[in-house]
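# Here's a sequence, model it:
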Amino acid sequence: MGCVNGMIKAIGIGNRLMMDDGIAIEILENLKNNLESMGIQVIIGETDFQSCFHQLKEDDFVIILDAAYSGKAAGSIHLYNLEEVITTYGETGFQHDMSIFDLMRLYSNPLRGCLIGIEAAEAGFGCELSEALKGVFNEICLEVERIICEKVRWFSGYVK
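I've put the predicted structure just below:
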């Protein structure tokens, strides 16, 4: 599997109409200009998992952001190896693991990358983030950007 031509792709999945379920989308929209200036393709996938999946190539490095529901503190960030997430399908605390990860497991060669989960506080109907996540949104964005930069450095070193 060649990786010289691979791209780094950051995908935000979630539902903006379900409060904190859309946290990944909000974060990527906030970081989009910075990430694109680093050569990262930003994909706002929302709930269109098939479209996201079909934009992935075998030699891409994929960073997926999603809301997490593991009972930890709201706004806490979890980092997982993408290959492990795909193989432990259904065991993570993510709302959307039965869709994009299912497609990856069934229809693609192993993809390299990571899943960044942001712990949600509320997932009821509403177009805004919960007060709990609004209060730490800037800190979450900074930490997610730091993680992505670290992964980009790793991928760039791997390519060379």
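# CA only for contacts and neighbour counts going forward, please
Noted.
# What is the three-state secondary structure of residue 73?
Using DSSP: H, G, I helix; E, B strand; the rest coil, the structure places residue 73 in coil.
# Could you check stretch 73-89 and say which residues are buried?
Applying a neighbour-count criterion of 16 or more other CA atoms under 10 Å, one finds 74, 75, 77, 78, 82, 83, 85, 86 buried in stretch 73-89.
# What's the first helix or strand after the lowest-mean-pLDDT helix or strand in the chain?
Lowest on mean pLDDT, DSSP states H and E among the helices and strands of the chain sits helix 100-107, with a mean of 60. Where DSSP states H and E defines the elements, the next helix or strand beyond helix 100-107 is strand 112-119.
# Which secondary structure state does residue 129 sit in?
Reduced to three states by three-state DSSP, residue 129 is coil.
# residues touching it, list them.
By CA atoms under 8 Å, 6 or more residues apart in numbering, the contact set of residue 129 is 19, 20, 22, 23.
# measure it to residue 24 for me?
Distance of residue 129 to residue 24, computed by CA to CA, to the nearest Å: 11 Å.
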